[in-house]
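# What follows is a predicted protein model with its sequence.
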Amino acid sequence: QVQMVESGGGLVQAGGSLRLSCAASGRTFSSYAMGWFRQAPGKEREFVAAINRSGGRTVYADSVKGRFTISRDNAKNTVYLQMNSLKAEDTAVYYCAAGAALAYITKQYDYWGQGTQVTVSS
């Protein structure tokens, strides 16, 4: 089992940057693909980005491509989401998730963090 804790959220002005971190427990972190999702009020949870177990492959939602970067450090059991050029529509609770393979949908992930709030003011 994997337990994860997100951090790094906060309030930022449009055009600014934030880096989210997701620290995972356990010695099997490198055996999981990792994903970031977000959920805005009144909306369904949506895919943001994902990275495979080695970190050699990444995928992004079209809405964040070119602005967000996902990365991982398996030695530190941590996955990151660097968010640049933030927009008001990026405001949401951001969740990290662990699964057996890189995937775009929530049900393909087995473990979830508690989320961290990102608020972008326009």
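Done, it's in. Numbers count the residues shown, from 1 in each chain.
# what bridges to the most centrally placed residue in the chain?
Compute the mean C-alpha point of the chain, and by Cα atoms, centre = their mean the closest residue is Trp36, 2.5 Å away. Here Trp36 shows beta-bridge partners Ala49, Cys96, assigned using DSSP bridges.
# for it, what are its contacts?
Under the criterion of Cβ atoms under 8 Å, 6 or more residues apart in numbering, the contact list for Trp36 reads 20, 22, 48-50, 70, 79, 81, 94-97. (C-beta placed from N, C-alpha, C; glycine too.)
# Could you rerun that using 7 Å?
With contact set as Cβ atoms under 7 Å, 6 or more residues apart in numbering, Trp36 has these partners: 48-49, 70, 81, 94, 96.
# how far away is it from Arg27?
22 Å (Cβ to Cβ, to the nearest Å).
# List the buried residues for stretch 8-17?
The neighbour-count check on stretch 8-17 (16 or more other Cβ atoms under 10 Å) flags 8-9, 12 as buried.
# try stretch 104-116
Of the residues in stretch 104-116, those with enough neighbours to count as buried (16+ other Cβ under 10 Å) are 106, 108-109, 111-113, 115-116.
# now these as JSON lines including pLDDT and secondary structure?
Written out in JSON lines, the entries for the buried residues of stretch 104-116 read as follows (pLDDT from 0 to 100; DSSP: H, G, I helix; E, B strand; the rest coil):
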{"residue": "Thr106", "pLDDT": "95", "secondary structure": "helix"}
{"residue": "Gln108", "pLDDT": "95", "secondary structure": "helix"}
{"residue": "Tyr109", "pLDDT": "97", "secondary structure": "strand"}
{"residue": "Tyr111", "pLDDT": "95", "secondary structure": "strand"}
{"residue": "Trp112", "pLDDT": "97", "secondary structure": "strand"}
{"residue": "Gly113", "pLDDT": "97", "secondary structure": "coil"}
{"residue": "Gly115", "pLDDT": "98", "secondary structure": "coil"}
{"residue": "Thr116", "pLDDT": "98", "secondary structure": "strand"}
